[in-house]
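1. Generate a structure from the sequence data that follows.
(2 chains)
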Amino acid sequence: MNIFYPVQIFADWLTYSVFGIAQKTLLASAVNFFIFDTIKIFLLLAVIIFVVSIIRSFLPPEKIRTILSSEKKYFGNVLASLLGIITPFCTCSAIPLFLGFLEAGVPLGTTFSFLVASPMINEVALVLLFGLFGWKIALLYIASGLVIAIFSGIVIGHLKVENLVEEFVYKSNQNGKLSLPSLTWKQRTDYARSYTWEIIRKVWLYIVLGIGIGAWIHGYVPTDFLARYAGNGNWYSVPLAVLIGIPLYSNAAGIIPLVSVLTEKGVSMGTTLAFMMAVTGLSLPEFMILKKVMKTRLIAIFAGIVGIGIIFTGYLFNLILGK
Amino acid sequence: MNIKILGTGCPNCQRLEANTKQALEELEIKADIEKVTEIQDIMSYGIMGTPALVIDGEAKISGRVPNAEEIKELLEK
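-> The predicted structure follows:
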């Protein structure tokens, strides 16, 4: 029994009865797909973002910093990557997180594990993956994202590149102290509600556009149309997908629905996963902002390691999952 | 009373400022609101999320926008 069955009934009713589109036509298929997916995704978004926000209200970055500053190598990387899942990440929060962690004595490698996991594994991407690809692919995405984050952090920790971080970062100055009062449940739900709205307001247009174009492709483009270009046989499809993904960060919400349809048309799953990881995990605006706190060489090392991890994941899943 | 709003000028920082002004007016407290926008200065209060509200040198709010009621409670303490 599918919990979205009522949504399907509603989508059928709207498509065939209200709009009066004849069944089994391409138009009906596209319209039905669009209505069903849009409603399903927005329901999931509202519920999941709300729940994650409540959890987050118990684990603000200030608390995560305290936890991570006392953790040892390796385990710290694992913990940092896991905590990265629930933390919201926008390019504007990269600097405060980076500075705050290092000042508090969190090792550089652990900080990078967090910096990789936080944008790559976020609740909007997870909702879209779960809603459009199913829970198996969503779990695969989480698992490989975690592995990449842990691995990148450990490698950067071993490279001993602390000298590539701008000097002022380690000079902490203190003007005031932290005394955040603990929140009441009402404050937590208020925060979760306003954050959920904020995110939905920010992404809804991209999602609707993505699903809309996706619905059109779903209905009108022949299956396996893209297999020749982006199927399993092409060795260069994975690195190419990663390169294309780097500048697309701000539109991640619209790209996932689009990509979900492309897999129907012959793009292989490993290539798709690699592409989505590149979109969320490697972002050009974030690199620009990070230049304020680290040398370009460190950004290149960071992007290089994460990029290699993503490409490897792409090949691996192309190999395991077949098409 | 010394009140500081920490943030790099994002829309949420402006909302926090507006709510704080409202709270001050309703409590009839006269206080200047100082805005801290340089990232290094922001970090020196120990917070990691913006916007943040600092009352008399203590960071009370970080990473969210409380409503005027909540700020009033913080101001009265």
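
2. Next, count neighbours for B:Glu25.
-> B:Glu25 has 11 neighbouring residues, counting by other CB atoms under 10 Å in any protein chain shown. (C-beta placed from N, C-alpha, C; glycine too.)

3. tell me the secondary structure for A:Val267?
-> Assigned state for A:Val267: coil (three-state reduction, DSSP: H, G, I helix; E, B strand; the rest coil).

4. Name all residues that make contact with the nearest residue to it once chain neighbours are set aside.
-> Nearest residue to A:Val267 in three dimensions, chain neighbours excluded: A:Ala230, at 4.2 Å (CB to CB, 6 or more residues apart in numbering or on different chains). Residues near A:Ala230 by CB atoms under 8 Å, 6 or more residues apart in numbering or on different chains: A:Ser237, A:Ala241, A:Leu262, A:Gly266, A:Val267, A:Ser268, A:Thr271.

5. Please convert those to a markdown table, extending it with pLDDT and neighbour count.
-> Formatted as a markdown table, those follow (pLDDT from 0 to 100; neighbours: other CB atoms under 10 Å in any protein chain shown):
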| residue | pLDDT | neighbour count |
| --- | --- | --- |
| A:Ser237 | 85 | 24 |
| A:Ala241 | 85 | 26 |
| A:Leu262 | 84 | 19 |
| A:Gly266 | 83 | 19 |
| A:Val267 | 87 | 25 |
| A:Ser268 | 89 | 26 |
| A:Thr271 | 91 | 27 |
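
6. B:Val54: which of these is nearest?
-> In terms of CB to CB, no member of the contacts of A:Ala230 lies closer to B:Val54 than A:Ala241, at 45.2 Å.

7. Tell me who's in contact with that closest one.
-> A:Ala230, A:Thr271, A:Thr272, A:Ala274, A:Phe275, A:Ala278, A:Gly314 are the contacts of A:Ala241 under CB under 8 Å, 6+ apart.

8. picking that back up, taking the contacts of A:Ala230, tell me the two that lie furthest apart.
-> A:Ala241 and A:Gly266 (13.5 Å).

9. With respect to chain B, which of the contacts of A:Ala230 is nearest?
-> Of all the contacts of A:Ala230, chain B sits closest to A:Ala241, with 32.3 Å by CB to the nearest CB.

10. The closest one sits in which helix or strand?
-> For A:Ala241, the host element (DSSP states H and E) is helix A:237-245.

11. which parts of chain B sit against chain A?
-> B:4, B:8, B:10, B:39-50, B:54, B:57-67, B:70, B:74 (CB under 8 Å from any CB of the partner chain).

12. List the ones among those that fall in strands.
-> Assigned to strands by DSSP state E, the following of the residues of chain B next to chain A qualify: B:Lys4, B:Val54, B:Glu58, B:Ala59, B:Lys60, B:Ile61, B:Ser62.

13. top of those by neighbour count?
-> Among these, B:Val54 has the most neighbours (other CB under 10 Å), with 26 neighbours.

14. mind checking how far that residue is from A:Ile3?
-> From B:Val54 over to A:Ile3 the distance is 45 Å, taken as CB to CB, to the nearest Å.

15. Wasn't B:Lys35 part of a helix?
-> No. B:Lys35: not assigned to a helix; according to three-state DSSP it is strand.
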